[in-house]
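Visitor: Next one to model:
(chains A and B)
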Amino acid sequence: MKYARKSRSVVALALVLFGTGAALGQDLLSTNPLSGDEKAIKSGKGWFRNTCTPCHGGRADGMGDMGTGADLRKLKIGFRGFYATVKNGRQVPGRAQFMPSFSFLDDKTIFEIGAYLETLAIEGANWKEGVVNK
Amino acid sequence: MRRGMKLNGLALAFIVAGLSGGVQAGVSDAQLSAEAGASWLHTNGNLAAHRFSTLDQINAGNAKKLKVAWIMSPGGKTDAQATPSYHEGVLYFPQDNKVFAVDGGTGNILWKYEHKLPDDWGGYNVPFFTGKHRGLALAGNNVYFLSNDAKLHSIDMKTGKANWVKSYDGFPYPKDFAKSQDANGFITTVGPMAIPGGTIIVPMNATDTGGMQGYVLGVDASTGEQKWKAPMIPTQGEPGYDSWPPGSQEFGGAGPWIVGSWDAGTKMYYTGTANAYEWNPKNRGGGKLDNVGAASVVAVNTDTGKVAWRYVGVPGDPWDFDIPQTPMVITIDGKKTIVQPNKTGYVHHLDAVSGKFIKADKFIDKVTWIKGYDKNGRPIDPVALPTEGGDPAEIYPSLLGGVNMYPNAYNPKTGNLYLAASESGMKYGFEEIKVISNVRHFGAYQEFLFGNETDKALNVKTGKEVWRNELKDKPGYAGGMLTTAGNITVYTTQGGGFTVADATNGKVLYSMNLGVAAKSGPITYSHAGKQYIVQALGGLPGFGRDEPWKSEFGSMVVGFTLE
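Guide: Model (predicted):
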């Protein structure tokens, strides 16, 4: 199933579906329904700069004051991988520090953060379809 | 007959020594009060936190003959930030909520003590802090360890078994957002400190995990019972109380997150404190109120638990310029002085008795957030704050500071301070403050502008730089400083470059690439007639990306001695 970017009706449908739980694991979305949405980008920036910058840094380059977050400008795991990682977190073998689960964030907020991060993407980044991080 | 009399005399001598706390096993008050020499009892060497050792077997004349005596690994899973302690043949250090006892001559593990964190452990920034510790305390026959969940453990030095484990009312641990309606809590990465008279100092910090206000506890070394609780933020009736909007103190931060110092004359424990919380200052006066107690040096009378004075180094701290660095107690021109190199880019000098500001010496090249300190210790011409949601401000140094948590040293023979310094700046802006599970988030962000690691000596009286060893294109800080009566200063660069320099002129006398990031200070001790220098290493270089150093994650402790 494909969604046209910036299509308000499709975005609304996607959010309704996500809101009802028909989301992760069912391969519903391969791209961010809020990608390119200016209002979403602005909101996502505010969330990113509260919840994510301690580890990922203000530039999203992994230079946080709380240490080694991933360089999100080069996100390789696609939108679905991004969503899954935010929801589930990611353990790093052999390390105490890990990406915690942000399952308390609603889907709209995660989409907004993703929409903001897409604006920071550099060459090689993948915000399209991707593997879901286990 | 004569032999028997001799034995009786020896027995009597041991009894007398035992009664006076002289040579019995364990750590006496007299030993706690001594300069670091054969033993290294305190995280920062002595009670005054000089990180100076009287040992001189290893010295500027023979340091080139150092060799690796042993290497061990505690299997660390995060940064090794703890300075080891040493007493009577054994090194003690914490890592990952474990305590290791290690043979000081071989590096062999003698025992390991392990503490399990609660199942609902978690919260804001907590994965970053988990497993990190900045030292232990030794007193009597016990090792005192603060686990991350704000529990104090008394552990038998010989057996590694717990005598008791205590938690303290009002100091919850931080919890997983998804498992708690209130995820706020204290995460203790700071080490405890033993002072004469049977008190263990226990700092409590929750600043960057949601901002619950900081305290210092005095605890009975025998029982673990709380003797007193000193608030870093003034309570009603204390000077500075009205420097906070009503109610903002509750989540005002100001936690003591680096071990402090103590003076027998003033009976005061001196500590730096963390930033005021949230980072975005709009709920605590917008940077216009001083927020006394945060980004401050606080003196606590350890007989009474009363705060004697507070000096705020960054009024209204809008930059995350907490000044938690260890205040050193140094007598300068006959005056007992608190000397604190801190994040601001200045070394602050305060009267140890009154807290009155004496001077502030700039020690890094680029400082733009203010133009200096006036005679009252107030910042001169601070730069304008960014607006919420607007463009960030560019200032120097960054919130990582001119110095950070990496301990500094003072050598009374050279009269120099030795600083694990760095040049850096940042772009820093404010955003709306988000609240999740009752945890207030920073409402601020930074983009770092990294400069070079710069390890340097400053004359403590004049504030003039004596020497510097600058690492070109290598950001970060040395793990910490050690200096000795052998006229050497020892540090390991963020990238793992173990370095012994001439304390007088900075000339590098010996170096070895250890290949793992250093985030703790080296120590020295005498074991079986030989002087050793030990450096703990672990983690990745820097606070952020590690590319400039081209090294991978590691965990080890290395002992050096002469050939």
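
Visitor: Phi first, then psi, for the residue nearest to B:Asp263 when sequence neighbours are not counted.
Guide: Leaving aside its chain neighbours, B:Asp263 sits nearest to B:Val329 (4.8 Å; criterion: C-beta to C-beta, 6 or more residues apart in numbering or on different chains). Every residue, glycine included, has its C-beta placed from N, CA and C. When read as degrees, to the nearest 10, the backbone of B:Val329 gives phi -100, psi 110.

Visitor: Is B:Val329 bridged to anything, and to what?
Guide: With DSSP bridges as the criterion, B:Val329 is bridged to B:Ile338.

Visitor: Spit out the contact partners of it.
Guide: Residues in contact with B:Val329 (C-beta atoms under 8 Å, 6 or more residues apart in numbering or on different chains) are B:Leu47, B:Ala48, B:Ala49, B:Ser261, B:Trp262, B:Asp263, B:Tyr270, B:Lys336, B:Thr337, B:Ile338, B:Val339, B:Ala352.

Visitor: SS state for the closest residue to the last one other than its chain neighbours?
Guide: Once flanking residues are discounted, B:Ala352 sits nearest to B:Lys336: 4.1 Å by C-beta to C-beta, 6+ apart. Here B:Lys336 takes the strand state, with states given by DSSP: H, G, I helix; E, B strand; the rest coil.

Visitor: Around B:Lys336, count how many other residues there are.
Guide: 15 (other C-beta atoms under 10 Å in any protein chain shown).

Visitor: Please name the nearest non-neighbouring residue to B:Leu514.
Guide: Nearest non-adjacent residue to B:Leu514, counting by C-beta to C-beta, 6+ apart: B:Gly496, 4.2 Å away.

Visitor: quick one, what contacts the one you found?
Guide: B:Asn513, B:Leu514, B:Gly515, B:Val516, B:Ala517, B:Ala518, B:Leu537, B:Pro541, B:Trp549, B:Ser551.

Visitor: With B:Tyr270 instead?
Guide: Neighbours of B:Tyr270 in contact, by C-beta under 8 Å, 6+ apart: B:Gly260, B:Ser261, B:Trp262, B:Asp263, B:Val297, B:Val298, B:Ala299, B:Val300, B:Pro327, B:Val329, B:Ile338, B:Ala352.

Visitor: What strand or helix carries it?
Guide: Using DSSP states H and E, the element containing B:Tyr270 is strand B:268-272.

Visitor: Give the pairing partners of that strand; include direction for each.
Guide: Counting by DSSP bridges, strand B:268-272 is paired with strand B:261-263 (antiparallel), strand B:296-301 (antiparallel).

Visitor: Which one of the contacts of B:Gly496 sits in the busiest neighbourhood?
Guide: B:Ala518 (32 neighbours).

Visitor: What mean pLDDT does stretch B:383-402 get?
Guide: The pLDDT scores in stretch B:383-402 average 96.

Visitor: quick check, distance from that stretch to the centre of its chain.
Guide: Here stretch B:383-402 shows a centroid-to-chain-centroid distance of 25 Å under the convention C-alpha atoms, centre = their mean, to the nearest Å.

Visitor: That one vs chain A: in contact?
Guide: Yes: using C-beta under 8 Å from any C-beta of the partner chain, we find that stretch B:383-402 touches chain A at B:Gly389, B:Pro392, B:Leu399, B:Leu400.

Visitor: dump the residue contacts of the closest residue to the first one other than its chain neighbours.
Guide: The shortest distance from B:Gly389 to any non-neighbouring residue, by C-beta to C-beta, 6+ apart, is to B:Glu431 (6.3 Å). In this structure, B:Glu431 makes contact with A:Lys45, A:Gly46, A:Arg49, A:Asn50, B:Asn280, B:Glu388, B:Gly389, B:Gly443, B:Ala444, B:Tyr445, judged by C-beta under 8 Å, 6+ apart.

Visitor: let's see it at 6 Å
Guide: A:Gly46, A:Arg49, B:Gly443 (C-beta atoms under 6 Å, 6 or more residues apart in numbering or on different chains).

Visitor: the helices in the stretch 1-150 of chain B, which residues?
Guide: Using DSSP state H, counting those that start in this stretch, the helices assigned to the stretch 1-150 of chain B run over residues B:2-19, B:29-33, B:126-129.

Visitor: Can you list which of the residues of stretch B:383-402 next to chain A are found in helices?
Guide: Using DSSP state H, no member of the residues of stretch B:383-402 next to chain A sits in helices.

Visitor: Of those - the most surrounded one?
Guide: Highest neighbour count within these: B:Leu400, with 25 neighbours (other C-beta under 10 Å).

Visitor: Let me see the ranges of the strands in the stretch 201-350 of chain B.
Guide: Secondary structure of the stretch 201-350 of chain B, counting by DSSP state E, counting those that start in this stretch: strands at B:212-220, B:226-231, B:261-263, B:268-272, B:296-301, B:307-312, B:328-332, B:335-341, B:346-351.

Visitor: Check which helices and strands the second one sits against.
Guide: Under the contact criterion of 3 or more C-beta pairs under 6 Å, 6 or more residues apart in numbering or on different chains; DSSP states H and E, strand B:226-231 touches strand B:212-220.

Visitor: Now do the buried residues in the strand it packs on.
Guide: Neighbour-count burial for strand B:212-220 flags B:Met212, B:Gln213, B:Gly214, B:Tyr215, B:Val216, B:Leu217, B:Gly218, B:Val219 (criterion: 16 or more other C-beta atoms under 10 Å in any protein chain shown).

Visitor: Then stretch B:445-459?
Guide: For stretch B:445-459, the buried set under the neighbour-count rule, 16+ other C-beta under 10 Å, comprises B:445-458.

Visitor: Likewise for stretch B:520-533?
Guide: B:Ser520, B:Gly521, B:Pro522, B:Ile523, B:Thr524, B:Tyr525, B:Ser526, B:His527, B:Gln531, B:Tyr532, B:Ile533.

Visitor: Just the ones of those in strands?
Guide: Counting by DSSP state E, the part of the buried residues of stretch B:520-533 found in strands is B:Ile523, B:Thr524, B:Tyr525, B:Ser526, B:His527, B:Gln531, B:Tyr532, B:Ile533.

Visitor: which residues sit in contact with the fifth one?
Guide: Translated: B:His527. B:His527 sits next to B:Gly104, B:Gly105 when contact means C-beta under 6 Å, 6+ apart.

Visitor: Look up how far B:His87 lies from it.
Guide: From B:His527 over to B:His87 the distance is 11 Å, taken as C-beta to C-beta, to the nearest Å.

Visitor: What's the separation between B:Asp263 and chain A?
Guide: B:Asp263 sits 32 Å away from chain A, going by C-beta to the nearest C-beta, to the nearest Å.

Visitor: typed the wrong thing, it's B:Val126
Guide: From B:Val126 to chain A the distance is 8 Å (C-beta to the nearest C-beta).

Visitor: The closest residue in space to A:Ala40 that isn't next to it in sequence: neighbour count?
Guide: Spatially, and ignoring its direct neighbours in sequence, A:Ala40 is nearest to A:Leu34 (3.9 Å; C-beta to C-beta, 6+ apart). Neighbour count for A:Leu34, taken as other C-beta under 10 Å: 26.

Visitor: if we can go back for a sec, and of the contacts of B:Glu431, the nearest to B:Pro174?
Guide: Using C-beta to C-beta, B:Gly443 comes nearest to B:Pro174 of the contacts of B:Glu431, at 18.5 Å.

Visitor: Return the residues in contact with the closest one.
Guide: Taking C-beta under 6 Å, 6+ apart as the test, what B:Gly443 contacts is B:Glu278, B:Asn280, B:Glu431, B:Ile433.

Visitor: next one: B:Asn342
Guide: B:Ile323, B:Gln325.

Visitor: what's the spacing between it and chain A?
Guide: B:Asn342 is 16 Å from chain A, where distance means C-beta to the nearest C-beta.

Visitor: Fine, thanks again, bye for now.
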